[in-house]
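# my questions are about this predicted structure, shown below with the sequence.
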Amino acid sequence: MPGATTTLLDLHLRKTLNCATGPVLLDIDLKIERGETVAILGPSGTGKTTLLRMIAGLTAPDDGRITAFGKDWFDKTQGVSRPPRDRRAGMVFQDYALFPNMSALGNVCFAQRRGRSRSHALALLERVGLQALAGQRPGQLSGGQQQRLALARALAAEPDVLLLDEPLSALDNRMRAELQDALLSMQQSHPTTTLLVTHDPAEARRLAKRAIVLEHGRIVADGNPETIVSAQLRSPAPSCDVEGFILRATPQQDGSAIYHIIGTRQPGKALLPGSRVTLHAPPATPDGLS
Ligand SMILES: Nc1ncnc2c1ncn2[C@@H]1O[C@H](COP(=O)(O)OP(=O)(O)OP(=O)(O)O)[C@@H](O)[C@H]1O
């Protein structure tokens, strides 16, 4: 349509966050195009979840405006704040927020648009590998299964904007790769504007064509995920030797690995995504034990 805007979301948002270190102003100006998938990267506690919650209408901004499809979802000066149900934004939370007394199928059916059939809901469960567990309640599912159910439920509502807050974090590698495939193929067949919070650079590169990095409440980088992740890895973020025990090593698709470490010594420096660390194996003892 001539003159039609391709901008789906136009965000100008301010909110003072009560962080452990004191108040931090979350100050976001961002335009997102229709059908775009944007990965949101950044250190813990920098406002990524709060940004998604403000778009969904679950957290009130202190000031600013959210325009979607040219309509105001929020406008502080005009006193406009549409409730979450009127925003057509589907959100997958870190804590899943499933209905505990409904079966997996019930959760998906409840979220579906009027007129959608039970078999449509079953097809969604199949897409996330849960068809055999359709009759189970969330409490009977593992964390990863609940995460997949939360994703199916968000998709069932056929939202205009999909807000994913680390939606694949509780999954093992194989399931994570499968769901990434499913998300990619869904994006190809039904492009849905998506904001994806992730701590996994490989996931950002795989699922998104654009990434933003939030630091101290502000967007400090915006562009191609490949370029942004490489720049982060090259940046002089705090580096230090790490001392402790590796609890878990999770190989990543790009050949790297995520290490979960306990008892680390971080002399005066906070580790951030992009930090360089040096792991030293302790010297072997004379009897070969370490
Ligand atoms: N409604 C609110 N009002 C004020 N501060 C808030 C509000 N909600 C969250 N915060 C604070 O904002 C900070 C950022 O939280 P948020 O969950 O958005 O960060 P995050 O970047 O998503 O972190 P993580 O990567 O660990 O999930 C936290 O210190 C939190 O306590």
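Sure, I can see it.

# and after the lengthiest helix in the chain, which helix or strand comes next?
When the chain is parsed with DSSP state H, its longest helix is helix 173-189. Later in the chain than helix 173-189, the nearest helix or strand by DSSP states H and E is strand 193-197.

# and the contacts of that next one?
Strand 193-197 is contacted from outside by 8-9, 32-40, 48-49, 51-52, 55, 160-167, 187, 203-204, 207-208, using CB atoms under 8 Å, 6 or more residues apart in numbering. Every C-beta, even on glycine, is put in place using the N, C-alpha and C of the backbone.

# select only the buried ones of these in ChimeraX?
Selecting only the buried entries of the contacts of strand 193-197 in ChimeraX, with 16 or more other CB atoms under 10 Å as the criterion:
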select :8,9,32,34,36,37,38,39,40,48,49,51,52,55,160,161,162,163,164,165,166,167,187,203,204,207,208
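
# did I read that right, Gly64 in a strand?
Yes. Under DSSP: H, G, I helix; E, B strand; the rest coil, Gly64 sits within a strand.

# which residue is the nearest non-sequential neighbour of the closest residue to the ligand within the stretch 51-200 of the chain?
Nearest to the ligand in the stretch 51-200 of the chain, going by CB to the nearest ligand atom, is Thr59, at a distance of 4.8 Å. Leaving aside its chain neighbours, Thr59 sits nearest to Arg53 (3.9 Å; criterion: CB to CB, 6 or more residues apart in numbering).

# is any residue of the helix or strand containing that neighbour near the ligand?
Taking DSSP H and E as the criterion, Arg53 maps to helix 48-56. Yes. Counting by CB under 6 Å from any ligand atom, the ligand has neighbours in helix 48-56: Lys48, Thr49, Thr50.

# which stretches of the stretch 151-290 of the chain form helices?
Assigned by DSSP state H, counting those that start in this stretch, the stretch 151-290 of the chain shows helices spanning 173-189, 201-207, 225-234.

# tell me which parts of the stretch 51-200 of the chain are close to the ligand?
Checking the stretch 51-200 of the chain against the ligand by CB under 6 Å from any ligand atom, the hits are Thr59.

# so, low pLDDT: which residues of the stretch 51-200 of the chain?
Counting by pLDDT under 70, the stretch 51-200 of the chain contains low-confidence ranges at 94-95.

# walking through it, point out its strands one by one.
Applying DSSP state E, counting those that start in this stretch to the stretch 51-200 of the chain gives strands spanning 63-68, 71-75, 80-81, 89-92, 161-165, 193-197.

# need those in TSV (columns: distance to Glu215).
TSV is the format used below for the strands of the stretch 51-200 of the chain (distance: least, CB to CB, whole Å):
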stretch	distance to Glu215
strand 63-68	19
strand 71-75	24
strand 80-81	28
strand 89-92	23
strand 161-165	18
strand 193-197	14
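
# looking at those, spot the one closest to Gln112.
Closest to Gln112 of the strands of the stretch 51-200 of the chain, according to CB to CB: strand 89-92, at 11.4 Å.

# and that closest one, what does it pack onto?
For strand 89-92, the packing partners by 3 or more CB pairs under 8 Å, 6 or more residues apart in numbering; DSSP states H and E come out as helix 48-56, helix 143-156, strand 161-165.

# got a list of what Pro225 touches?
Applying CB under 8 Å, 6+ apart to Pro225 gives the contacts Ala39, Pro201, Ala204, Arg205, Ala208, Lys209, Arg210, Ala211.

# what's the lowest-pLDDT member of these?
On pLDDT alone, Pro201 ranks lowest of these, at 86.

# before we move on, the earlier item: show me what the helix holding Arg53 is packed up against.
strand 7-19, strand 22-33, strand 37-41, strand 89-92, strand 161-165, strand 193-197.

# now with 6 Å?
Secondary-structure packing of helix 48-56 (3 or more CB pairs under 6 Å, 6 or more residues apart in numbering; DSSP states H and E): strand 89-92, strand 161-165.

# what's the distance between the shortest one and the middle of its chain?
The chain centroid and the centroid of strand 89-92 are separated by 11 Å, computed with CA atoms, centre = their mean, to the nearest Å.

# shouldn't Val213 be in contact with Pro43?
No. Distance between Val213 and Pro43: 9.2 Å, which falls outside the contact criterion (CB atoms under 6 Å).

# between those two, which is the more surrounded one?
Val213 (24 against 18; other CB atoms under 10 Å).
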